[in-house]
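[1] sharing a model prediction with you, sequence too.
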Amino acid sequence: MNDALIRPSVQAASFTHAFIGGLSMMVVSELGDKTFFIAAILAMRHSRFTIFCGAIGALGLMTFLSAYVGALATVIPRIYTHYIATGLFVIFGLRLLRDGYNMADDEGAEELEEVQQELKAKEEQLDGKCWSHSLHIHSAGLLSPVLVQSFIMTFLAEWGDRSQIATIILGAREDPLGVTLGGILGHSICTFIAVMGGRFMAQRISVRKVTIAGGVVFLIFALSGLFFEDPSSEGMDAAVAEIELNN
């Protein structure tokens, strides 16, 4: 079979694997997370569409930056980044399982209350005049201060979060474009749920169960990296050769 026809099929499989990884990782990481509650609380006070746009803009930017920061690790031989990423998945997976095991069943309600208090304190410090004064672009009528508030609060909350770290690790091991698109879709799903019925969901979501599920997903990706992926830089060529041999 023509090499030019084989390589796109291998690359498509790599993209699909990365896309599914980014999507599933974000869903289990973001449900019941701080950014989820920020979107839920803000959406109860302001336009749901505006809050969704601000939050997903911040999460999309963070996902893109994180995935391609991870991709920069390709300057290191792939075999090293592969096993380092796999090891980190194991560590994070076990940590999430431990955290989930030790969590109380009403952890979601407590997290919601904590985020609500944080937002109240920040809004007291940064009133509407402060936002419009500090952001000249608002005075030109180009952006809503609520949109900017949603963007900034979500971006800052996401910085250093486990989903950001997971995206960096995935970007180092998988196709960064697939990770980015899958991650943005996962964030979009969680943010949509948050703005449409975040308080209702927060009172019924078991953060404990979601955390344990996240730990399981991390471990699944660690195992898939160990047993189902070729860590060598020649992995693509080997896959192409195997397909040629079978045909």
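    Now that the structure is in, tell me what you want to look at. For clarity, every value in this text was computed on a predicted model and none was experimentally measured.
[2] what number of residues lie near residue 54?
    27 (other Cβ atoms under 10 Å). All C-beta spots, glycine's among them, are computed from the backbone N, C-alpha and C.
[3] er, residue 218 I mean
    Residue 218: 26 surrounding residues under other Cβ under 10 Å.
[4] contacts for the host helix or strand of it?
    Using DSSP states H and E, the element containing residue 218 is helix 207-227. Among residues not part of helix 207-227, those counted as contacts by Cβ atoms under 8 Å, 6 or more residues apart in numbering are 21, 24-25, 28-29, 31-32, 82, 85-87, 89-90, 92-101, 103-105, 107-108, 111, 162, 166, 170, 173, 231.
[5] give the buried residues for it.
    Buried residues in helix 207-227, counted by 16 or more other Cβ atoms under 10 Å: 207-215, 217-219, 221-222, 225.
[6] same question, stretch 47-58
    Of the residues in stretch 47-58, 47, 48, 50, 51, 52, 53, 54, 55, 56, 57, 58 count as buried by neighbour count, 16+ other Cβ under 10 Å.
[7] quick check: which element contains the fourth one?
    It stands for residue 51. According to DSSP H and E, residue 51 maps onto helix 48-71.
[8] next secondary structure element downstream of that helix?
    helix 78-102.
[9] tell me the mean pLDDT for that next one?
    What helix 78-102 shows for mean pLDDT is 79.
[10] what is the mean pLDDT for the helix or strand hosting residue 172?
    Per DSSP H and E, residue 172 falls inside helix 162-173. Taken as a whole, helix 162-173 has an average pLDDT of 84.
[11] list the helices and strands it packs on?
    Counting contacts by 3 or more Cβ pairs under 8 Å, 6 or more residues apart in numbering; DSSP states H and E, helix 162-173 packs against helix 3-30, helix 48-71, helix 78-102, helix 176-202, helix 207-227.
[12] go ahead and name everything in contact with that helix.
    Against helix 162-173 from outside (Cβ under 8 Å, 6+ apart): 18, 21-22, 25-26, 29-30, 33, 62-63, 66-71, 73-74, 81-82, 84-86, 88-89, 92, 96, 158, 179-180, 183, 214, 218, 221, 225, 229.
[13] can you turn the buried part of the contacts of helix 207-227 into a ChimeraX selection?
    Restricted to buried positions by 16+ other Cβ under 10 Å, the ChimeraX selection for the contacts of helix 207-227 reads:
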select :21,24,25,28,29,31,32,82,85,86,89,90,92,93,96,97,99,100,103,107,108,111,162,166,170,173,231
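[14] please name every helix or strand in contact with the helix holding residue 51.
    Checking 3+ Cβ pairs under 8 Å, 6+ apart, helix 48-71 ends up next to helix 3-30, helix 34-45, helix 145-158, helix 162-173, helix 176-202.
[15] to residue 120, which of the ones you listed lies closest?
    helix 34-45 (9.1 Å; Cβ to Cβ).
[16] relative orientation of the closest one and helix 145-158 in degrees?
    When axes from the mean of the first three to the mean of the last three Cα atoms, to 10 degrees is applied, the directions of helix 34-45 and helix 145-158 differ by 160 degrees.
[17] so for helix 34-45, what gets flagged as buried?
    Quick answer for helix 34-45 (16+ other Cβ under 10 Å): 34, 35, 36, 37, 38, 39, 40, 41, 42, 43.
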